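Colleague: Below is the sequence, then the predicted model.
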Amino acid sequence: MGSTLYPVIWKDDRVVLIDQTRIPEAFETVEVTSSDAMATAIKTMIVRGAPAIGVAAAFGLCLGGSEIQTTDRAGFLSELAVIAEKLRQTRPTAVNLFWAIDRMMTTVTATEGDGLALRSVLLTTAQKISDDDVATCRAIGDHGVSALPASPAKIRLLTHCNAGALATAGYGTALGVVRSAWRDGRLERVYADETRPRLQGAKLTAWECVQENIPVTVITDNMAAHCMKLGMIDAVVVGADRIAANGDAANKIGTYSVALVAKAHNIPFFVAAPLSTIDFSLKDGSLIPIEERDPTEIYSVGNARLVTEGAEFYNPAFDVTPAHLIAGIITEFGVFAPDRIEAELAHRQ
Ligand code: MRU
């Protein structure tokens, strides 16, 4: 049981993406046939979510490999490095993007042979990154269920943004926990914050849950504290875009507020993320680069402008939840206190 949604798939000589800017109005796919088009798809959030953009960038490098004319090894590698740099420039916060590109480049550089051999190793490596991510998410889901409070028997979980199948290669991280809890009869209902300004909770999380008949209630972001006060939430589980060595976790803007109100109500707040989301090179969350996006995301809904001309805007796409607010980090290797991740996991990366 579980999701059969795969947002990034390699098919023949191209990548098929589920267009996440169209859900829930329409379920459409986009065929990506060049590394430029993949960079645009990542920037414009046709594909989004930390592990998903890592997988997309890996396949983007495969497309890039096919664009390179020379089969001379040195020439091939130097052109590939330029394409890798272009993909790196797409979005700054989710470390999975850089992790996947680095893994691709390290593997290809360590492979002998001419451009044709390197092209083929690019594809097998990208496919492995994708397959591994699905298996990783399933493991996260299962470990997550074991971390949930023992009572009540059926839990009401709150989540923020979308950390589902659409945000990964499949199954999801935070929604992986939801899926596994639902499968095991431990879930009563999911509360999904709508997640202003891009509405990933309202548009994507709710849609994913409804596809699988998982009971979901959408609330606006400013309702979470009220719901907690009324005793409607037993635990919170969110994804992450980058986790620093000390356990501080960057995730979609608004996550930090949810963690604060969860602490105030004594509700456990979990972060679910694969090892590839942990950046051990950063000692704490203050060093995580936070993407700022276009103000139109704040002031417009569809074609309507909500805010008067003359106002100014600030639109950070992510915030950092300090480690002390996090009850546990749910990974494919188990659930760890934030201050234990470096000791327990750094050697595995
Ligand atoms: O800007 P987005 O939509 O790419 O941000 C996505 C999130 O913040 C997710 O919650 C995070 O990447 C975890 S995805 C498993």
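Modeller: Alright, I've got the coordinates.
Colleague: Which residues of this protein lie near the ligand?
Modeller: 48-51, 94, 161, 163, 167-168, 173, 200, 239-241, 251-252, 317 (C-beta under 6 Å from any ligand atom). (Glycine included, C-beta is placed from N, CA and C.)
Colleague: Can I get the buried ones among those residues as something I can paste into PyMOL?
Modeller: Buried residues among those (16 or more other C-beta atoms under 10 Å), as a PyMOL selection:
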select buried, resi 48+49+50+51+94+161+163+167+168+173+200+239+240+241+251+252+317
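Colleague: Select from the residues of the chain next to the ligand every entry located in helices.
Modeller: Ala50, Pro51, Gln200 (DSSP state H).
Colleague: Of those, which is the nearest to the ligand?
Modeller: Using C-beta to the nearest ligand atom, Ala50 is the member of these that lies nearest the ligand, at 3.6 Å.
Colleague: What sits closest to that closest one if chain neighbours are left out?
Modeller: Nearest non-adjacent residue to Ala50, counting by C-beta to C-beta, 6 or more residues apart in numbering: Ala94, 3.7 Å away.
Colleague: Make a markdown table out of the ones in helices among the residues of the chain next to the ligand and add pLDDT.
Modeller: Shown next, in a markdown table, are these (pLDDT from 0 to 100):
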| residue | pLDDT |
| --- | --- |
| Ala50 | 98 |
| Pro51 | 98 |
| Gln200 | 98 |
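Colleague: Now do the contacts for the closest residue to the ligand within the chain.
Modeller: The ligand sits closest to Gly239 of the chain, with a gap of 2.7 Å, by C-beta to the nearest ligand atom. Shown in contact with Gly239 (C-beta atoms under 8 Å, 6 or more residues apart in numbering): 49-50, 161-163, 167, 172-174, 251-252, 271-273.
Colleague: Arg196 versus that one, what's the distance?
Modeller: In this view, Gly239 and Arg196 are 17 Å apart by C-beta to C-beta, to the nearest Å.
Colleague: The residue of the chain closest to the ligand - nearest residue in space that isn't next to it in sequence?
Modeller: Ala163 (2.7 Å).
Colleague: didn't the one you found look like it was pressed against Gly49?
Modeller: Yes. At 6.8 Å, Ala163 counts as touching Gly49 under the criterion of C-beta atoms under 8 Å.
Colleague: residue contacts, the residue nearest to Ala50?
Modeller: Per C-beta under 8 Å, 6+ apart, neighbours of Ala94: Gly49, Ala50, Ile53, Gly54, Asp241, Arg242, Thr277.
Colleague: which ones are touching the last one?
Modeller: In this structure, Thr277 makes contact with Ala50, Pro51, Ala94, Val95, Asn96, Ala240, Asp241, Arg242, Ile243, judged by C-beta under 8 Å, 6+ apart.
Colleague: And the second one, by the same measure?
Modeller: In this structure, Ala50 makes contact with Ala94, Val95, Asn96, Leu97, Ala167, Gly239, Ala240, Asp241, Arg242, Ala273, Thr277, judged by C-beta under 8 Å, 6+ apart.
Colleague: do Lys229 as well
Modeller: His265.
Colleague: How about Arg48?
Modeller: Counting by C-beta under 8 Å, 6+ apart, Arg48 touches Gln20, Ile42, Leu166, Ala167, Gln200.
Colleague: if we can go back for a sec, state the pLDDT value of the residue nearest to Ala50.
Modeller: Looking at Ala94, its pLDDT reads 98.
Colleague: ok, now Thr4?
Modeller: Here, the pLDDT recorded for Thr4 equals 84.
Colleague: Can I take it that it is in a helix?
Modeller: No. Looking at Thr4 with DSSP: H, G, I helix; E, B strand; the rest coil, it is coil, so not inside a helix.
Colleague: remind me, longest helix of the protein?
Modeller: The longest helix of the chain (DSSP H) is helix 115-147.
Colleague: Quick check: Lys263 touching Phe269?
Modeller: Yes. The criterion here is C-beta under 8 Å, and Lys263 meets it with Phe269 at 6.9 Å.
Colleague: Which neighbours do those two have in common?
Modeller: Residues touching both Lys263 and Phe269 by C-beta under 8 Å, 6+ apart: Leu325.
Colleague: which of the two has more neighbours?
Modeller: Each of Lys263 and Phe269 has its neighbours counted (other C-beta atoms under 10 Å); Phe269 has more, 22 against 16.
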